[in-house]
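> Could you look at this predicted model? Sequence included:
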Amino acid sequence: MIEVELKGYADSKIFERVRENFKFLRKEYHEDTYYQHPCRDFSKTDEALRIRIRRFNGHFEAFMTYKGPKVDEVSKTREEIEVPISDPDEHVMILEKLGFKEVLVVSKVREKYYVEKGIVITLDTVEGLGDFVEIEAIVEDERLVPQTVEKLKAILEELGVKRFERRSYLELMLEKGGEDGEA
């Protein structure tokens with residue numbers, strides 16, 4: 001699966017346009033804990049490994065996610081492998097036993113909106129970074145990435161996004177002065 005994703009800086013006007021134009025799905029609270037491989041520098045390979053704890057509507061979900069290197073120069077499109085986990089603490093213990101080190105925790109409040117079949121837009125308020133809007137679609141065939149990127153970019157531009165951001169929240173936090181400077 002390839003996650004085609006674009007992110008832009010947002011303000012209250014962009015948040016309001018999304019809320020007015022798309023169907024609200026739910027509000028989520030995310031705690032994303034990122035890990036560094038013991039033998040490979042993910043900041044150099046442009047990969048990421050995280051455990052996400054997601055809370056919404058009184059529910060709790062946890063996932064382990066691997067994100068591969070970005071596949072184009074415009075978007076945040078990359079391979080993503082995500083699996084549900086039932087006990088995040090036990091998974092953390094396994095990672096630590098294998099030599100993985102916690103890098104940073106990114107906390108955010110996310111509002112999810114339905115755009116059309118296969119496309120979701122989110123409003124993110126990221127602790128320590130501010131407000132962003134993300135739009136994503138999943139494609140199975142890498143040849144569909146360029147046209148999907150253009151479609152998603154056009155939607156964000158219609159909403160008033162002028163400044164796009166290709167770096168992940170983890171990268172932005174580390175550049176801002178995260179815990180140990182490793183990704």
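Cool, the structure landed.

> Check the offset of the lowest-mean-pLDDT helix or strand in the chain from the chain's centre.
Of all helical and strand segments in the chain, the minimum by mean pLDDT, DSSP states H and E falls on helix 169-177, at a mean of 91. Here helix 169-177 is found 13 Å from its chain centre; the criterion is Cα atoms, centre = their mean, to the nearest Å.

> Extract the C-alpha set from it and format it as CSV.
Only the C-alpha atoms of helix 169-177 are listed here, as CSV (Å, rounded to 0.1, in the frame of the first residue of the first chain):
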residue,chain,number,x,y,z
TYR,A,169,6.0,16.1,12.5
LEU,A,170,8.9,14.1,13.9
GLU,A,171,11.4,15.8,11.6
LEU,A,172,9.9,19.3,12.4
MET,A,173,10.1,18.5,16.2
LEU,A,174,13.7,17.3,15.9
GLU,A,175,14.7,20.4,13.9
LYS,A,176,13.0,22.6,16.5
GLY,A,177,15.2,21.0,19.2
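
> Could you list every helix and strand in contact with that helix?
strand 23-36, strand 101-116 (3 or more Cβ pairs under 8 Å, 6 or more residues apart in numbering; DSSP states H and E). Every C-beta, even on glycine, is put in place using the N, C-alpha and C of the backbone.

> Reformat these as JSON lines; add distance to residue 168, mean pLDDT and mean neighbour count.
Converted to JSON lines, those look like this (distance: least, Cβ to Cβ, whole Å; pLDDT from 0 to 100; neighbours: other Cβ atoms under 10 Å):
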{"stretch": "strand 23-36", "distance to residue 168": "9", "mean pLDDT": "97", "mean neighbour count": "17"}
{"stretch": "strand 101-116", "distance to residue 168": "9", "mean pLDDT": "97", "mean neighbour count": "17"}
